[in-house]
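S.K.: my questions concern the predicted model and sequence given below.
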Amino acid sequence: MPSRNNATAGVSSSKVKYSKLAESDDGYIDLQFKKHTPKVPYKAIALATVLFLIGTLLITISALLLTGYINSTYSDTTWPVLIIGILVFLPGFYHLRIAYYAARGYRGYSYDDIPDFDD
């Protein structure tokens, strides 16, 4: 049966930071309460902006088609354009709102709430 002591066999490229434990162990350490600066997910915010703009464009086009401002020969395509526009608009708006509130420093909002692409 192979031994399990291979964990300490020269793996020095770890990103984990270690600290010394306190003498009196009451179950908590200081690093537990240290605030870290969140990484801004620029790619996710850019994707949310693109989704927001495409959704806004599709909703505007479908509204113009519904009101008759744009004359359409195929009027049956108006409702699918509106539905796709809403489905694209909502996630873009939601993530842009979180990014805006996090950038302004509102309490309860953080960049950690936006899914990242794990660069």
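M.R.: Structure received. Numbering: from 1, shown residues only.

S.K.: now the helices for this structure?
M.R.: With DSSP state H applied, the chain shows helices at 42-67, 78-104, listed in chain order.

S.K.: buried residues in stretch 79-94?
M.R.: With burial defined by 16 or more other C-beta atoms under 10 Å, the residues of stretch 79-94 counted as buried are 81-82, 85, 88-89, 92. To be clear about C-beta, it is placed using only N, CA and C from the backbone, and glycine gets the same treatment.

S.K.: before we move on, the earlier item: which among the helices of the chain is found nearest to K34?
M.R.: Closest to K34 of those, according to C-beta to C-beta: helix 78-104, at 19.2 Å.

S.K.: elements contacting the closest one?
M.R.: Counting contacts by 3 or more C-beta pairs under 8 Å, 6 or more residues apart in numbering; DSSP states H and E, helix 78-104 packs against helix 42-67.

S.K.: who's in contact with stretch 86-97?
M.R.: Residues outside stretch 86-97 that contact it (C-beta atoms under 8 Å, 6 or more residues apart in numbering) are 44-45, 48-56, 58-59, 114.

S.K.: P38: which of these is nearest?
M.R.: Among the contacts of stretch 86-97, I114 lies closest to P38 (C-beta to C-beta), at 9.4 Å.

S.K.: which residues touch that closest one?
M.R.: Contacts of I114 (C-beta under 8 Å, 6+ apart): 41, 44-45, 48, 95, 98-99, 102.

S.K.: quick check: phi and psi at it.
M.R.: phi -90, psi 130 (degrees, to the nearest 10).

S.K.: model confidence score at it, please.
M.R.: Looking at I114, its pLDDT is 88.

S.K.: same check on the one 4 residues further on?
M.R.: At D118, the model reports a pLDDT of 68.

S.K.: going forward, begin numbering at 49 instead of 1
M.R.: Okay, using 49 as the starting number, the last item reads as D166.

S.K.: give me the number of residues near G153?
M.R.: Counted with other C-beta atoms under 10 Å, residues neighbouring G153 total 8.

S.K.: check contacts around it.
M.R.: Taking C-beta under 8 Å, 6+ apart as the contact definition, G153 lies against nothing.

S.K.: test my guess that G133 contacts A111.
M.R.: No. With contact defined as C-beta atoms under 8 Å, G133 does not count as touching A111 (9.0 Å).
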